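J.: I'll drop the sequence and a predicted model, then ask my questions.
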Amino acid sequence: MSYSTLALVVFVGLLGPILAMRASWNIPVVAGELMAGVVIGASGFGLVNASEPTFQLLANIGFGLTMFVVGSHVPVRDPRVRSALGRGALGAIAVGVVAALLGPILAAAFSTGHGALYAVLLASSSAALVLPIIGSLRLDGVGVLRLTAQVAIADIACIVALPLAIDPAHAGGAALGALGITAAAGVLYLLLRVLDRRGTLRHFHVRSEKRRFALELRVSLLLLFSLAAITQVTHVSIMLAGFTLGIVVAAIGEPHRLARQLFGITEGFFSPLFFVWLGASINLRGLSEQPWMIVLGVLLGVAAILAHLVARAVMVPWSLAMLSAAQLGVPIAAATLGIQSGRLVPGEDAAILLGALVTVVAASIASSLYARRSQPEPVPEVA
């Protein structure tokens, strides 16, 4: 990866803040970054190669850091979170049931034989998309907490279930990897809790700030990359490593100094690079050779939205339920695994990605509508 390519990626990534600059539009920052990636990537002008190893490595670091920041912002100390987790789990289960019904129907209609794969796709939610959208639009409330819990549960479950649906050979390793990450996060939480009670963490922060060592960020990156190494060996998404580490930090209490450091390195470079790479990874050119796959792609997107609308049953507004349907990481992983294993029919990988784009567009519109409706009414001036 050359510096000119890196400069191009950073440059087009500015489309996200530019589109989001006008507050009345309520356009999520990630929407512009994804759009920029599509334009310069495989579906557009082909100016960047998303499969280039260095580009992939930087993007994966960005994915891990993005989910770290997202996890650290989850209000786990909020007393409303316990009820939100229950509602979120119910919502994820309800969506999964509907997806399990719709997936085989689509597979039978198009004779692909991938009912289980479609069910996982329809049930999935992209925490890497939904949670940054929530943060960028500053959405808040009990419904948002329930949505956050539902998306996190669904994303983790579908990441683990995907190998079983499309590549059973790696299913056992993925399950063990998820358990390993969870166990490591649990041990880390207990250790940090003991150090926090003894005052060791506070002393550590004071010395680091006084000497300007940035030790908080260094140790956080060390922990993130250590967990990422486990995910790499066990074929689990780095999303799980970043999100669980963020949850641990949120449970202990994230220092303001660390929050500022993470914001700078993530939002300033790695996060936009990840979303541009994600957009550049989408290849829709295969649809021109298999036009009927366009219908499958659109139906996959519509079915995912319909499946997630059942979240309304757990007291989530319609717009937030539609936002929860946003998916991209799981479909891209499914397309990649399918191509590598040769299990997908011609054009099916492009159809899967098209379906994901349908949900992203719907989620952007839904989040904008919710943001507008949740804004307080202006108070009239008293003469």
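T.: Received the coordinates, thanks. Everything numeric in this text was worked out from a predicted model, so none of it was measured.
J.: Now residue 31. Nearest residue, chain neighbours left out?
T.: What sits nearest to residue 31 in space, not counting adjacent residues and going by Cβ to Cβ, 6 or more residues apart in numbering, is residue 364, at 4.7 Å. Just so you know, the C-beta spots here come from the backbone N, C-alpha and C atoms, and that holds for glycine as well.
J.: ok, now residue 112?
T.: Among residues not flanking residue 112 along the chain, residue 345 sits closest, at 5.6 Å (Cβ to Cβ, 6+ apart).
J.: before we move on, back to that, which parts of the host helix or strand of the residue nearest to residue 31 are buried?
T.: Per DSSP states H and E, residue 364 falls inside helix 348-374. Neighbour counts over helix 348-374 (16 or more other Cβ atoms under 10 Å) mark 348-360, 362-371, 374 as buried.
J.: before we move on, what about stretch 1-8?
T.: Buried, per 16+ other Cβ under 10 Å, within stretch 1-8: 5, 6, 8.
J.: how about the helices in the stretch 251-383 of the chain?
T.: 256-265, 271-281, 292-308, 318-323, 329-341, 348-374 (DSSP state H, counting those that start in this stretch).
J.: quick one on the thing from earlier: which of the buried residues of stretch 1-8 lies closest to residue 241?
T.: Distance to residue 241 across the buried residues of stretch 1-8 (Cβ to Cβ) is lowest for residue 6, with 24.4 Å.
J.: tell me the angle the helix or strand harbouring the closest one makes with helix 271-281.
T.: Here residue 6 sits within helix 3-13, counting by DSSP H and E. With axes from the mean of the first three to the mean of the last three Cα atoms, to 10 degrees as the basis, helix 3-13 and helix 271-281 are set at 100 degrees to each other.
J.: For helix 3-13, output the C-alpha coordinates as PDB.
T.: Extracted C-alpha coordinates of helix 3-13, given in PDB (Å, rounded to 0.1, in the frame of the first residue of the first chain):
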ATOM      1  CA  TYR A   3       1.300   6.700   0.500                       C
ATOM      2  CA  SER A   4      -0.700   8.000  -2.500                       C
ATOM      3  CA  THR A   5      -3.300   5.300  -1.900                       C
ATOM      4  CA  LEU A   6      -3.400   6.100   1.800                       C
ATOM      5  CA  ALA A   7      -3.800   9.800   1.000                       C
ATOM      6  CA  LEU A   8      -6.700   8.900  -1.300                       C
ATOM      7  CA  VAL A   9      -8.400   6.900   1.300                       C
ATOM      8  CA  VAL A  10      -8.100   9.600   3.900                       C
ATOM      9  CA  PHE A  11      -9.200  12.200   1.400                       C
ATOM     10  CA  VAL A  12     -12.400  10.400   0.300                       C
ATOM     11  CA  GLY A  13     -13.100   9.600   3.900                       C
END
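J.: Relative to the whole chain's centre, how far out is it?
T.: From the chain centre to the centre of helix 3-13 is a distance of 22 Å (Cα atoms, centre = their mean, to the nearest Å).
J.: Okay then, goodbye and thanks.
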